[in-house]
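Student: need coordinates for the below:
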Amino acid sequence: MKFNEMQIIEPILKALKDKKYEEPTSIQKQAIPLVMNGDDVIGSAQTGTGKTAAFAIPIIQSIHLMDGRRKGKPRIKSLIVTPTRELAIQIDENIKEYSKYTIIRHTVIFGGVKQGSQVDALKRGVDILTATPGRLLDLINQGYINLSNIKIFVLDEADRMLDMGFIHDIRKIIELLPQKRQSLFFSATMPNNIVNLSRKILRNPKKVEASAVSSTAETIKQFVYYTNKSDKKNLLQYILNKLENEQVLLFSRTKHGANKIAKNLKKSKINASAIHGDRSQNQRQKALKDFKDGNVRVLVATDIAARGIDIHKLKYVVNYDVPNVPEDYVHRIGRSGRAGEDGNAISICEPEENIYIREVEKLINLKIEVVKDNPFPQTEKPMSNAEKKQWEKEKQKRKQEFFANRNKNRGNYRR
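Tutor: Coordinates of the predicted model:
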C-alpha cells in the first residue's frame with residue numbers, strides 16, 4: 001500500500017512527495033484510516049516508527065476539510081500534548097511540513113523561554129496546538145488558551161509523561177476538554193499504569209501496534225563492550241576511532257557526566273557538545289542544530305533531554321552509561337534505525353552495570369551481541385548475589401526518592 005491509496009487529500013500527498021514519502025510505515029498503515037474514520041486510538045509504537053505522521057496527517061486532513069474556505073481567525077481544534085520541548089518542537093516541525101499546502105495554522109508552546117512570541121502566535125489564531133503540560137496550563141490560567149473547541153486530542157509519549165510526574169497536569173487538561181471529542185493515545189511501552197490512564201481518556205478505542213511492546217527496531221544492530229569503570233573513557237576513544245568520522249549520539253546518565261564527557265572529547269580534538277536540562281533552551285537548540293548540520297560529531301545527551309531528538313539517517317547511538325531503567329534503553333537506541341533506516345547501538349558496560357544489561361535483554365527478549373575484539377576487557381569482579389540484593393534495595397530506594405522529590409522537581413520537567 002502507498003500513501004496515494006489511503007484516501008489522503010492532494011495537498012498532503014504533495015507535501016509527502018516533497019519529503020519523498022511513498023509507502024507508509026506499519027503504524028501509519030494501521031492508524032491513519034482509523035483516525036480518518038473518527039475512532040479513538042491507542043497506539044503502542046516505539047520511537048522511530050513514523051508515529052508522528054500517523055496522527056498528524058489525518059488531523060491535518062480532518063481540519064482542512066472541516067474548515068474549507070474559512071473566514072476569520074481559526075480556533076484550536078486539535079491539541080497535542082507531549083512531555084518535552086524537544087519533542088514538541090519536532091512534532092510542530094513535522095506538522096509544518098505535512099500541512100504546507102493546506103489552510104492549517106499551527107504553533108508550539110513550551111516552558112523555559114519567554115512566552116511573548118508564543119502568546120502572539122496564539123492571538124493570531126491556531127488550528128493545531130502542540131504543547132508541553134506546564135506551559136499549556138500556565139497559558140490557560142492566563143486566559144490565552146481556550147480548549148472548548150477541541151475536536152481531536154493527542155497524548156503522545158504517555159509513558160514518559162508519567163515518568164516525569166505529569167499525571168496531575170494531564171488530569172487537569174483532560175477535565176478542560178470537551179466531552180465529545182476524538183482522543184488518540186500513543187506510548188512506546190504499555191505498563192499497567194499507562195493502560196489504566198488510557199481507559200480514562202479513550203472511548204471504545206481501536207488498538208494499533210507497530211511492534212511488540214518494549215521491543216527495539218529490527219533495523220538496529222545491538223552490541224555491548226564489557227569493560228572496567230576506569231577504562232570507559234579510553235574504550236570510548238577506541239570506539240569513536242573505529243567509527244572514523246561517523247556522527248554519534250552518546251548517552252550519559254547524569255548532566256554532570258554529560259558535561260565531563262563532552263569536555264574530555266574536546267580535549268581529544270573530537271567536536272562534541274552536551275544537551276541536558278541545565279542548559280538553556282537556546283543552548284539546547286543550538287547544540288541540536290549544530291549536530292544536525294554536521295558541525296558537531298558527538299552529541300552527549302541525558303535521557304530527558306534526548307526525547308524528541310530526530311536526526312535523519314543517524315547510524316550510531318552509544319550508551320556510555322547503561323541505563324538502570326530498561327525502558328530507557330529502548331528509547332535511547334530508537335534515535336537510530338528510524339523509519340526503516342539501518343542503525344547501530346553500542347553499550348559500554350562496567351561491572352556494576354552487568355545487571356542492567358540483563359534486565360534490558362529480558363525486556364526486549366533479545367541477546368545483545370558481545371564484542372570480543374575489545375582492547376579494554378572487563379577484569380573487575382561483577383556483583384555477587386549479596387551485592388545484587390543490595391542493589392535491588394537501592395533501586396527501590398531510588399524509586400521512592402524519585403516519587404518523593406517529583407513535585408519538587410516538576411518545575412524543571414515542565415521546561
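
Student: helix, strand, or coil at Thr107?
Tutor: strand (DSSP: H, G, I helix; E, B strand; the rest coil).

Student: what bridges to it?
Tutor: Note on Thr107: beta-bridge partners Leu129, judged by DSSP bridges.

Student: test my guess that it contacts Glu93.
Tutor: No: Thr107 is beyond contact range of Glu93, at 11.5 Å (criterion: CB atoms under 8 Å). Quick note: C-beta positions are derived from backbone N, CA and C, even for glycine.

Student: between the two, who's got more neighbours?
Tutor: Set Thr107 next to Glu93 and count neighbours by other CB atoms under 10 Å: Thr107 wins out with 21 against 15.

Student: quick one, what contacts the more buried one?
Tutor: When contacts are counted by CB atoms under 8 Å, 6 or more residues apart in numbering, Thr107 touches 92, 118, 121-122, 126, 129-130.

Student: what about 7 Å?
Tutor: 92, 118, 121-122, 126, 129 (CB atoms under 7 Å, 6 or more residues apart in numbering).

Student: looking at the residues you listed, which two lie furthest apart in space?
Tutor: Spanning the widest gap among the contacts of Thr107 are Asp92 and Leu122, at 13.2 Å by CB to CB.

Student: what does the helix or strand containing Asp159 rub up against?
Tutor: Secondary structure from DSSP states H and E places Asp159 in helix 158-163. Residues outside helix 158-163 that contact it (CB under 7 Å, 6+ apart) are 83, 170, 185-189, 191, 193-194, 197, 307, 327.

Student: at 6 Å instead, please
Tutor: For helix 158-163, the surrounding residues in contact (CB atoms under 6 Å, 6 or more residues apart in numbering) are 83, 187-189, 194, 307.

Student: in strands, which of these fall?
Tutor: Ser187 (DSSP state E).

Student: using pLDDT, spot the least trustworthy of the contacts of helix 158-163.
Tutor: The member of the contacts of helix 158-163 with the lowest pLDDT is Arg307, at 58.

Student: about what we covered before: Asp92 and Leu122: which has the busier surroundings?
Tutor: Neighbours were counted for Asp92 and for Leu122 using other CB under 10 Å; Asp92 has more, 23 against 18.

Student: is it true that that one touches Val108?
Tutor: Yes: using CB atoms under 6 Å, Asp92 is in contact with Val108, at 3.7 Å.

Student: mutual contacts of the two, please.
Tutor: Thr130.

Student: output the below-cut-off pLDDT ranges for the stretch 201-350 of the chain.
Tutor: The model of the stretch 201-350 of the chain has pLDDT under 70 over residues 211-217, 304-312, 338-340.

Student: okay, now Ala188: neighbour count?
Tutor: Neighbours around Ala188, by other CB under 10 Å: 28.

Student: the strands in this structure, which residues?
Tutor: Under DSSP E, the chain gives strands at 41-44, 78-81, 106-109, 128-131, 152-155, 182-187, 206-209, 220-226, 248-251, 272-275, 298-301, 316-319, 343-349, 369-370.

Student: of the contacts of Thr107, which belong to helices?
Tutor: Among the contacts of Thr107, DSSP state H puts 92, 118, 121-122 in helices.

Student: Thr52: which of these is nearest?
Tutor: Asp92 (9.9 Å).

Student: now do the contacts for the closest one.
Tutor: Contacts of Asp92 (CB under 6 Å, 6+ apart): 108, 130.

Student: outline the domain layout of the protein.
Tutor: Structural domains assigned to the chain are 3-209, 220-370, following automatic domain parsing.

Student: distance of Met6 from Ala274?
Tutor: 41 Å (CB to CB, to the nearest Å).

Student: that older thread, could the ones in helices among the contacts of Thr107 go into a markdown table alongside distance to Glu23 and pLDDT?
Tutor: Conversion of the ones in helices among the contacts of Thr107 to a markdown table gives the following (distance: CB to CB, whole Å; pLDDT from 0 to 100):
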| residue | distance to Glu23 | pLDDT |
| --- | --- | --- |
| Asp92 | 25 | 95 |
| Gln118 | 36 | 97 |
| Ala121 | 34 | 96 |
| Leu122 | 36 | 97 |
